[in-house]
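Structure, please.
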Amino acid sequence: MAKPGQTGIKRIISASGYSLKGLRACWRMESAFRQEVAGAVVLIPLALYLGDGGLEKAVLIATCMLVLVVELLNSGIEAVVDRIGHEYHELSGLAKDIGSAAVMLSIATLIGCWTLILLF
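Residues are numbered from 1 along each chain as shown. All right, here's what the predicted structure looks like:
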């Protein structure tokens, strides 16, 4: 059963507002996100220039966006864990470490794809 509330275009507009609020919060609070956005600002135009055809350009750009998406998810995990409490708990540390590992793998994917596409 659907949740009561807005539907249709009103729901889409509200959801877009929440998404922008999340992007602004992550920009303001997460230096890693700001660094990754700076990297994307450089790499995305390079992808358009260096990619040979639409598929290569799409993969190069998608890997940049993947890093940003995973960083947003990691920041969300960290916010929830921090909301619960700042005292050390093994599961809280594990959740943060797994989120960090996801970011690391997304960056490794970016490096691997860019290397394979541009060098081979």
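
and the residue lying closest to Leu50 once chain neighbours are set aside, how far is that from Ile44?
Leaving aside its chain neighbours, Leu50 sits nearest to Leu118 (6.0 Å; criterion: CB to CB, 6 or more residues apart in numbering). All C-beta spots, glycine's among them, are computed from the backbone N, C-alpha and C. Leu118 sits 14 Å away from Ile44, going by CB to CB, to the nearest Å.

residues touching the spatially most central residue of the chain, list them.
A centroid search over the chain (CA atoms, centre = their mean) returns Val69, at 1.9 Å, as the residue closest to the centre. The contact partners of Val69, taken as CB atoms under 8 Å, 6 or more residues apart in numbering, are Ser106.

Name the helix or strand for it, please.
Using DSSP states H and E, Val69 falls within helix 54-84.

So which bits of the helix or strand just after that helix are buried?
Note on helix 54-84: by DSSP H and E, the next helix or strand toward the C-terminus is helix 90-119. By neighbour count on 16 or more other CB atoms under 10 Å, the buried set for helix 90-119 is Ser92, Ala95, Gly99, Ser100, Val103, Ser106, Ile107, Leu110, Cys113, Trp114, Ile117.

Having no further points to raise, I will conclude here.
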